[in-house]
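Peer 1: quick check, what structure comes out for this input:
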Amino acid sequence: MKNPTMLNIREVIRRTALSRSTIYEWESKGKFPVSIKLGLRAKRWVESDISDWLNRHIEGSRRSGGQADD
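Peer 2: The predicted model follows:
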């Protein structure tokens with residue numbers, strides 16, 4: 001992967017419309033892309049991972065008539 005774009009938590013919240021606590025909960029349960037730890041207090045998500053997750057969620061919601069699989 002060449003120079004991936006990294007997103008901070010605020011950007012992930014904006015793109016997904018999920019709360020911070022939901023993102024971290026789903027991440028811990030394997031329901032959301034895993035963040036990359038860059039330092040003691042710095043975490044980022046790979047933009048393509050978030051985009052892929054969103055696309056899968058959209059497709060799943062359309063197939064199930066609006067009920068997304070969490």
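Peer 1: buried ones in the helix or strand where Arg10 lies, by neighbour count?
Peer 2: According to DSSP states H and E, Arg10 maps onto helix 9-16. Neighbour-count burial for helix 9-16 flags Val12, Thr16 (criterion: 16 or more other CB atoms under 10 Å). Every C-beta, even on glycine, is put in place using the N, C-alpha and C of the backbone.
Peer 1: what about the longest strand in this structure?
Peer 2: If you go by DSSP state E, the chain has its longest strand at strand 43-46.
Peer 1: just checking: what are the partner strands of it?
Peer 2: Strand 43-46 sits in its sheet next to strand 6-7 (antiparallel), strand 36-37 (antiparallel), going by DSSP bridges.
Peer 1: give the rounded mean pLDDT of the last one.
Peer 2: Per-residue pLDDT over strand 36-37 has a mean of 96.
Peer 1: pretty sure Thr5 is touching Trp45, no?
Peer 2: No - in this structure, Thr5 is not within contact of Trp45 by CB atoms under 8 Å, at 9.7 Å.
Peer 1: between those two, which one's more packed in?
Peer 2: Trp45 (25 against 12; other CB atoms under 10 Å).
Peer 1: so who does the more buried one touch?
Peer 2: The neighbours of Trp45, taking CB atoms under 8 Å, 6 or more residues apart in numbering as the test, are Met6, Leu7, Val12, Pro33, Ser35, Ile36.
Peer 1: much appreciated, bye for now.
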